[in-house]
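Engineer: generate a structure from the sequence data that follows.
(2 chains)
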Amino acid sequence: MASVTLKDVVKVYEGGVKVVDGFNLEIADREFVVLVGPSGCGKSTTLRMIAGLEELSSGTIKIGDRVVNDVPPKDRDIAMVFQSYALYPHMTVYENMVFALKLRGLDAAVIHEKAMRAAKILGIEGLLDRKPKALSGGQRQRVAVGRAIVREPKCFLFDEPLSNLDAKLRVQMRAEIKQLHMSLHATTVYVTHDQEEAMTLGDRVVVMKDGVIQQCDGALEIYHNPANRFVAGFLGSPPMNFFEGQLVREGDRLLFDEGTAKVSVPSWASAELAPRAGAAVVMGVRPEAMSDQASARFATAENAIPMRVTLIQPLGDKMDVVLATERHPHAVAHVDAHAGIRVGETLPVFIDTERVHFFAPGAVGERIATRRR
Amino acid sequence: MAAADSPFSSTFRQRPWSRAVVHVLLIVGSLVFVFPVLWMLSTSLKPIEQTLTPDPVWLPRPIEWRNYAATIEYIPFLRYALNTVFVCTLATIGTTLSSALVAFSFTRLEWPGRNLLFGLTLATMMVPFPVVMVPLYSVYRTLGWIGTLKPLWVPTFFGSAFSIFLLRQFFMRIPKSLPEAMTLDGASEFRIFWQMYLPLSKAPLVVVAFFQLMYSWNDLLGPLLFLTDQSTYTLTLGLQAYQSQEGGTQWHYLMAASVMTTLPIVVLFFIVQRALFQGMSSTQSFEG
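Structural biologist: Residues are numbered from 1 along each chain as shown, chains lettered A, B, ... in the order given. Below is the predicted model:
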């Protein structure tokens, strides 16, 4: 096992496109780190640079204490699981799993023992004689993981390994990968565009955009204290609602003017927000911090915004209510399911000001105030 | 192909008589092509006096099976056949291996000028053989290869543009993650070529091999240009020489020799037929 250190890593493709820009990250031994971001954010490229499938334009990558910039992939002691599984179609499951070991010239008995152990861990002993074509998506996924673990590498790299599976299998495999990590304790770098996968799997989550790390922290830490508007909008489903408005002062009170209604700024945020009175800010509210119920514990007349119901999406005990104001045509509230709301009606929506976030204007506006928890 | 998949199936359903029309046309067409073959078969079994008669004889009487045995004695058939098999084997191996290797390099390896050189390779397909005939002859003469079989097989070890093109198109359909996974497993580029690209490309390799085999087997111009000694003649050239020999051609022997020349290719075609069609339609998937 080993740590992985990336220092000032830059990747520029031919034609000058910078896909990874000044990437710094220290991954501790046995840590599970997830790189997450929208497609094209450079997360896969970063992973491929760790694997040695892409060269660095500048910077250094260390695995353990060794700088591996010029070390060929096979000598980096890593194993990678691809999105497409990349199983060798003309070889059986067993041959797929032992290919790397054979190339290393290991003793046949040792190879067999390692392969059988890995097959047992993943429950694929019954599939060893089959070709990949005869396997289901989930089985292929297991074989791909099996091929990685027989090599007992210092570090596992996963490149969106679950995105070809259906939703149910994805959740199941996610749990298996997490369990596998807990039993093998291998350093793992995992790339995904799925925020839910990132949150559930990672000891630490690295949110990327345009080749730059936006935030790197524990999943809940990022969820509750997003560094900027991009991160806030990326993690969480349905995503955080953003209301673009203005800070106004009325007497000695500081208010957030949404356009149709004003919400009083909570006392914990007034210190950071007071100097910005008169300026434009963005208020971020998670769907679960909004309620249509006057009985909600945070409901007061001072934190209500009248909104029109445009759509109701029932989810069983909860429902997502899609809402609109004059200025903001799309906001979602995640509330208890009840029959009281009808599409088309306008009602006061209460905002839990203890759980709001304030950002500077713009798509990647920096956080101005968040209540730390 | 089942009638249901036929491109005509909907027409057939709407206009039942059209089926008969189509079949008559197809049968007439195939008769045109099969006629010379049947005539060759028939003649090869005739006594000499029935070969050139004013009224064509279709069914020889008696059937002279021994024409075949006599042919082998009458012309050095085995010698020619051996030469042909020698050339065909080497040329087939040569073209298949070298073209695959070059196609791999054009697909998987990154090197400066790769695309330019690929374009140049394709451009050589536009140059007709008669244009290079004379320069080639003088090259081989300088090398001292005239009168040997070398000009017929050595050049195949330097790839053929069409085969390179065909294989490259197929190789490009192999997902990049497959060779990458092998790289991570510790395989060299040559091993990736040998243990992944070749086994995955059986069908197009069969196409390339079969086309080269057929070309070398049927080639008359090459042997005619470069072979001088009768002991090195291939079948096509041997039969051609035999035809004009002694004025009066022994047609029944010539046709027997022709049948024996054609048969191996026909048999081989039926053996590799499936792989051949698969290779040309390229519907293979690399799922998994």
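Engineer: in stretch A:351-364, what counts as buried?
Structural biologist: A:351-353, A:355-360, A:364 (16 or more other Cβ atoms under 10 Å in any protein chain shown). Yep, even glycine has a C-beta here, placed from its N, CA and C like the rest.
Engineer: now do A:L128 against A:D107, distance only.
Structural biologist: A:L128 sits 19 Å away from A:D107, going by Cβ to Cβ, to the nearest Å.
Engineer: which of the two has more neighbours?
Structural biologist: Neighbour totals were compared for A:L128 and A:D107, and A:L128 leads with 18 against 9 (other Cβ atoms under 10 Å in any protein chain shown).
Engineer: was I right about the more buried one contacting A:N96?
Structural biologist: No: contact criterion Cβ atoms under 8 Å: A:L128 and A:N96 do not qualify, at 9.5 Å.
Engineer: same for the host helix or strand of A:F156, what does it pack against?
Structural biologist: Element membership for A:F156, per DSSP states H and E: strand A:155-159. Using 3 or more Cβ pairs under 8 Å, 6 or more residues apart in numbering or on different chains; DSSP states H and E, the elements in contact with strand A:155-159 are helix A:43-51, strand A:78-81, strand A:187-192.
Engineer: chain B: which of those is closest?
Structural biologist: With Cβ to the nearest Cβ as the criterion, chain B lies closest to strand A:78-81 of those, at 5.5 Å.
Engineer: so in that sheet, which strands flank the closest one, and in what orientation?
Structural biologist: Sheet pairing for strand A:78-81, assigned by DSSP bridges, gives strand A:155-159 (parallel).
Engineer: using PDB, write out every CA atom in the strand it pairs with.
Structural biologist: Extracted C-alpha coordinates of strand A:155-159, given in PDB (Å, rounded to 0.1, in the frame of the first residue of the first chain):
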ATOM      1  CA  CYS A 155      -3.200   1.600  -5.500                       C
ATOM      2  CA  PHE A 156      -6.500   1.000  -7.200                       C
ATOM      3  CA  LEU A 157      -7.800   3.300  -9.800                       C
ATOM      4  CA  PHE A 158     -11.400   3.300 -10.800                       C
ATOM      5  CA  ASP A 159     -12.600   5.200 -13.900                       C
END
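Engineer: residues touching it, excluding its own?
Structural biologist: Strand A:155-159 has contacts (Cβ atoms under 8 Å, 6 or more residues apart in numbering or on different chains) with A:1-2, A:4, A:44, A:47-48, A:50-51, A:63, A:77-83, A:148-149, A:177, A:181, A:186-192.
Engineer: quick one: that strand to strand A:187-192, angle?
Structural biologist: Relative orientation of strand A:155-159 and strand A:187-192, computed by axes from the mean of the first three to the mean of the last three Cα atoms, to 10 degrees: 0 degrees.
Engineer: could I get the pLDDT score of the residue in the stretch 51-200 of chain A positioned nearest to chain B?
Structural biologist: Across the stretch 51-200 of chain A, the shortest distance to chain B (Cβ to the nearest Cβ) belongs to A:P132, at 2.8 Å. In this model, A:P132 is scored at 94, pLDDT.
Engineer: so what's it up against?
Structural biologist: By Cβ under 8 Å, 6+ apart, the residues touching A:P132 are A:85, A:87-89, A:93, A:96, A:140, A:143, B:287-288.
Engineer: count the residues that sit near A:R76.
Structural biologist: A:R76: 23 surrounding residues under other Cβ under 10 Å.
Engineer: that one and A:L106: what is the separation?
Structural biologist: As judged by Cβ to Cβ, A:R76 and A:L106 stand 18 Å apart.
Engineer: fine, thanks again, bye for now.
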